[in-house]
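Enquirer: sequence first, then the predicted structure, then my questions.
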Amino acid sequence: MGDVSSTWRHVAGHGDNAKILVIGDHASNHVPSDAELDVSPALLKTHVAVDLGSAEVAQYLHEIFGFSLFLATTSRLVVDLNRHRNDMAAIPLQSDGIDIPGNALDNEARERRLRRFHDSYHDALSEYIARTKPTFLLFLHSFTPVLESDGAKPRPWHFGVMYNEDERAGKLAVPLFSATGHKTGDQLPYSGKIYNSSLERHGDINHIPYIGLEMRQDLIMDISGRDSFAQIIGPICQEITQKLASA
């Protein structure tokens with residue numbers, strides 16, 4: 001299990017790959033008792049609340065390859081940790097057209113929520129990165145096969161790659177993932193140039209090579225799919241790290 005707080009859990013890596021850190025901003029659907037959302041429990045089992053399969057793939061990357069993990073332990077419906085703190089969508093009033101009544105907070109309650117979840121998570125992650133000095137960051141997410149807000153239009157990728165100011169790892173990642181036979185490209189309809197809070201704060205500012213990686217959810221819904229994706233992701237992260245270290 002590793003170290004656990006109320007907003008994150010950390011599992012130390014092992015072996016040569018311990019300096020590769022997997023970060024999961026949307027790895028949990030948990031709603032703490034002090035953040036009641038007033039939504040159907042069924043909603044918490046969908047992509048609206050959690051990046052389905054991302055925590056399990058991250059765990060496989062730890063077990064198989066020895067990567068370190070830093071994963072959120074609260075739902076993005078409580079606070080979206082991959083949004084800037086002052087972005088109103090950090091505490092969403094609506095998601096995929098579904099109202100989140102418990103997020104209709106006044107300014108004081110909103111600030112308490114942000115301090116309790118957003119600040120504690122990112123402060124702990126910043127401290128961990130400063131202390132352990134990872135050589136590569138993998139921001140791991142998953143996405144739906146279709147985007148309802150875009151008229152249920154099918155999304156083209158199996159893997160979507162995101163990056164912001166530091167493009168070094170992203171430019172290597174796209175052809176490496178494509179070479180495995182999986183459809184890969186810059187994530188659509190958003191990219192790391194737009195949706196980049198964690199990338200910027202923990203990658204760009206620290207000058208640590210990174211990618212944001214989105215996995216298509218329907219391909220990682222069972223043990224076989226998750227293992228298969230982990231077996232692809234692990235060696236590619238190692239190869240990117242090695243190439244950048246020798247550049």
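Expert: Yep, that arrived. These numbers were taken from a predicted model, which means no experiment stands behind them. Numbers count the residues shown, from 1 in each chain.
Enquirer: where along this protein do the helices fall?
Expert: 54-60, 107-113, 120-132, 168-178, 197-198, 223-246 (DSSP state H).
Enquirer: just put those helices in TSV and tack on distance to residue 184, mean neighbour count and mean pLDDT.
Expert: In short, each C-beta sits where N, CA and C put it, glycine included. Output for these, formatted as TSV (distance: least, Cβ to Cβ, whole Å; neighbours: other Cβ atoms under 10 Å; pLDDT from 0 to 100):
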stretch	distance to residue 184	mean neighbour count	mean pLDDT
helix 54-60	16	23	98
helix 107-113	36	13	97
helix 120-132	27	16	96
helix 168-178	4	18	95
helix 197-198	21	22	87
helix 223-246	10	17	97
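Enquirer: dump these to a markdown table, plus distance to residue 204.
Expert: What follows is the helices of the chain, written out as a markdown table (distance: least, Cβ to Cβ, whole Å):
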| stretch | distance to residue 204 |
| --- | --- |
| helix 54-60 | 22 |
| helix 107-113 | 26 |
| helix 120-132 | 12 |
| helix 168-178 | 11 |
| helix 197-198 | 10 |
| helix 223-246 | 15 |
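Enquirer: out of those, which gets nearest to residue 47?
Expert: helix 54-60 (10.3 Å; Cβ to Cβ).
Enquirer: circling back to that earlier point, the helices of the chain: which one's closest to residue 31?
Expert: Between the helices of the chain, helix 107-113 lies closest to residue 31; by Cβ to Cβ that is 12.0 Å.
Enquirer: kindly export that closest one (C-alpha atoms) in CSV.
Expert: Taking C-alpha atoms only, helix 107-113 is exported to CSV below (Å, rounded to 0.1, in the frame of the first residue of the first chain):
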residue,chain,number,x,y,z
ASN,A,107,-16.5,31.2,-1.3
GLU,A,108,-15.5,30.1,2.2
ALA,A,109,-16.6,26.5,1.8
ARG,A,110,-15.0,26.4,-1.7
GLU,A,111,-11.7,27.6,-0.2
ARG,A,112,-11.9,25.0,2.5
ARG,A,113,-12.5,22.3,0.0
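Enquirer: ok, back up a step: let me know which of the helices of the chain is the nearest to residue 214.
Expert: Per Cβ to Cβ, nearest to residue 214 of the helices of the chain: helix 54-60, 9.3 Å.
Enquirer: what does that closest one contact?
Expert: Helix 54-60 is touched from outside by 22, 24, 26-28, 67, 69, 71, 140-142, 215, 220, 226-227, 229-230, 233, with contacts defined as Cβ atoms under 8 Å, 6 or more residues apart in numbering.
Enquirer: what does stretch 26-33 give?
Expert: So stretch 26-33 is contacted by 6, 37, 44-45, 49-51, 54-55, 58, 71-78, 80-82, 140-141 (Cβ under 8 Å, 6+ apart).
Enquirer: just the buried subset of the residues you listed, please.
Expert: 37, 44, 49-51, 54-55, 58, 71-78, 80-82, 140-141 (16 or more other Cβ atoms under 10 Å).
Enquirer: mind checking which of these are in strands?
Expert: 71-72, 140-141 (DSSP state E).
Enquirer: okay, these in CSV with pLDDT and distance to residue 105 next?
Expert: Output for these, formatted as CSV (pLDDT from 0 to 100; distance: Cβ to Cβ, whole Å):
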residue, pLDDT, distance to residue 105
71, 98, 25
72, 97, 20
140, 98, 29
141, 96, 26
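Enquirer: now residue 102. Nearest residue, chain neighbours left out?
Expert: Nearest non-adjacent residue to residue 102, counting by Cβ to Cβ, 6 or more residues apart in numbering: residue 37, 3.9 Å away.
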